[in-house]
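In: sequence below, structure please.
(one chain, ligands or ions: 1)
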Amino acid sequence: MFTSLLERRDQADVEQLSDEIKSALADHHRWMHKVSLAIAARRPMKDRSFIATDAHQYCYFGQWLRTLLADERFQTRAFEKIDQLHKELHDTARVLLLSLEQTQQFDEAQYDTFLKIQHTFFNCVLSMLEFSVISKYQFDPTTKLLNRRSANMLLAHEKVRLQQRANHASCCIALGDIDKFKAVNDTHGHDLGDLVLEHVACIFKATIRKHDSVARFGGEEFLFIMPGLDLTGTEKVIERVREELASTPYIHKGQALTITASFGVTQLTPDDDIKDAVKRADIALYTAKDEGRNRTVCLSATEAH
Ligand SMILES: Nc1nc2c(ncn2[C@@H]2O[C@H](COP(=O)(O)OP(=O)(O)OP(=O)(O)O)[C@@H](O)[C@H]2O)c(=O)[nH]1
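Out: Reported below is the predicted structural model:
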């Protein structure tokens with residue numbers, strides 16, 4: 001049900017998500033415990049919030065889920081399904097508890113439905129937990145961008161899409177590398193170097209289009225994946241990224257540090273070995289470095305052959 005954050009190609013702050021899921025689930029287990037005891041003992045619930053029409057909104061899990069769903073990064077079908085199951089679970093519990101209270105009758109079929117919903121709900125929350133744990137390993141901790149492994153997965157995914165759509169699809173990639181980054185580290189220290197990496201990542205992410213992705217591919221190297229764009233279109237976007245970086249200095253102790261980067265652009269073709277496409281982008285990047293840095297060089301798949 002949950003695949004990964006890669007689908008949205010966005011860095012989500014999932015660091016706390018697993019802990020939050022565990023405490024919300026523990027709270028729901030306590031709720032389940034009380035409901036089960038009341039049913040087994042055939043006695044009315046003292047806490048009337050259990051049988052309120054909107055009981056699902058009163059419980060801790062429901063309140064937590066509502067906060068989560070207010071964040072658009074989590075407005076996916078999978079999270080909405082949990083919301084729906086959670087409501088069904090409370091609604092079924094309410095019917096059971098009310099029927100016990102009013103008629104002292106135990107409805108076995110209704111109880112069976114309740115247990116089934118509880119089972120599905122629990123499994124979905126477990127998937128959400130698994131998703132949150134996996135998601136932690138998709139991002140680079142310094143820049144919060146997708147990491148190299150995620151970038152390779154995305155490339156493989158784009159290649160399959162290209163193969164499926166035959167003539168109508170295109171996808172380009174670009175490798176970007178910060179210019180003279182060693183000098184930044186040597187002059188200002190490694191910690192400042194890390195802050196510059198964050199600054200660069202932030203500008204890259206803010207400047208690309210919604211459907212593009214950028215990953216930290218290596219030390220001071222970044223990979224852009226631009227589905228639906230040809231070489232000329234990609235060059236335009238990357239030039240915008242390059243100019244934005246060059247014109248947005250990093251401010252350190254009141255001093256403006258101008259950071260630039262060089263870029264190599266190429267297409268990803270359906271027949272490409274992904275490593276070959278990245279290598280082509282790397283060749284273009286090193287041409288950009290040779291030609292004086294702070295520039296973009298394109299190398300098409302046909303030119304490279
Ligand atoms: N602060 C910091 N530095 C890093 C990190 N990863 C790689 N580097 C540094 O990035 C620098 C890369 O230097 P070089 O490969 O010589 O390239 P450059 O100085 O950027 O020069 P050009 O690429 O030729 O413009 C090295 O000093 C690495 O130590 C990191 O995570 N944090």
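
In: element containing whichever residue of the stretch 201-305 of the chain sits closest to the ligand, please.
Out: Closest approach between the stretch 201-305 of the chain and the ligand, counting by C-beta to the nearest ligand atom: G219, at 2.6 Å. In this view, the C-beta of every residue, glycine as well, is placed from N, C-alpha and C. Using DSSP states H and E, G219 sits in no helix or strand.

In: equivalent analysis for V265, please.
Out: Using DSSP H and E, V265 falls within strand 261-267.

In: tell me the residues of this protein that contact the ligand?
Out: Proximity of the chain to the ligand (C-beta under 6 Å from any ligand atom) is limited to residues 142, 177-183, 185, 190, 193-194, 197, 219-220, 289, 293.

In: emit the ChimeraX select command for whichever of these are buried.
Out: In ChimeraX, this line selects whichever of these come out buried by 16 or more other C-beta atoms under 10 Å:
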select :177,178,179,181,185,193,197,220,289
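
In: from the residues of the chain next to the ligand, which land in helices?
Out: Secondary structure assignment by DSSP state H places F181, K182, A183, N185, H190, G193, D194, L197, K289 of those in helices.

In: can you redo the residues you listed as TSV with pLDDT?
Out: Shown next, in TSV, are these (pLDDT from 0 to 100):
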residue	pLDDT
F181	97
K182	97
A183	97
N185	97
H190	96
G193	97
D194	97
L197	98
K289	98
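
In: is it possible to get TSV of the residues you listed that adds distance to H211?
Out: Listed next are those as TSV, based on distance: C-beta to C-beta, whole Å:
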residue	distance to H211
F181	28
K182	34
A183	35
N185	33
H190	34
G193	30
D194	29
L197	24
K289	28
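
In: out of the residues you listed, flag the one nearest to T232.
Out: K289 (22.1 Å; C-beta to C-beta).

In: spit out the contact partners of that closest one.
Out: By C-beta atoms under 8 Å, 6 or more residues apart in numbering, the contact list for K289 reads D177, D179, S262.

In: and with 6 Å instead?
Out: Contacts of K289 were listed using C-beta atoms under 6 Å, 6 or more residues apart in numbering, and they are S262.

In: show me where the stretch 151-300 of the chain dips below the pLDDT cut-off.
Out: Counting by pLDDT under 70, the stretch 151-300 of the chain shows low-confidence ranges at 166-168.

In: any idea what G176 is bridged to?
Out: F222, F263 (DSSP bridges).

In: who are the neighbours in contact with it?
Out: F222, A261, F263.

In: for Q63, same thing?
Out: Counted by C-beta under 6 Å, 6+ apart, Q63 has zero contacts.

In: please identify the helix or strand for it.
Out: Going by DSSP H and E, Q63 is in helix 60-69.

In: so which bits of that helix are buried?
Out: Neighbour-count burial for helix 60-69 [16+ other C-beta under 10 Å]: F61, G62, W64, L65, L68.

In: tell me the domain boundaries of this structure?
Out: 5-136, 148-304 (automatic domain parsing).

In: single out the most deeply packed of the ones you listed.
Out: domain 148-304 (a mean of 18; mean count of other C-beta atoms under 10 Å).

In: that one: how far from the chain's middle?
Out: Computed by C-alpha atoms, centre = their mean, to the nearest Å, the chain-centroid distance of domain 148-304 equals 19 Å.

In: cool, and stretch 44-60?
Out: With C-alpha atoms, centre = their mean, you get 34 Å for stretch 44-60.

In: so what would you say the end-to-end distance of it is?
Out: 21 Å (C-alpha to C-alpha, to the nearest Å).
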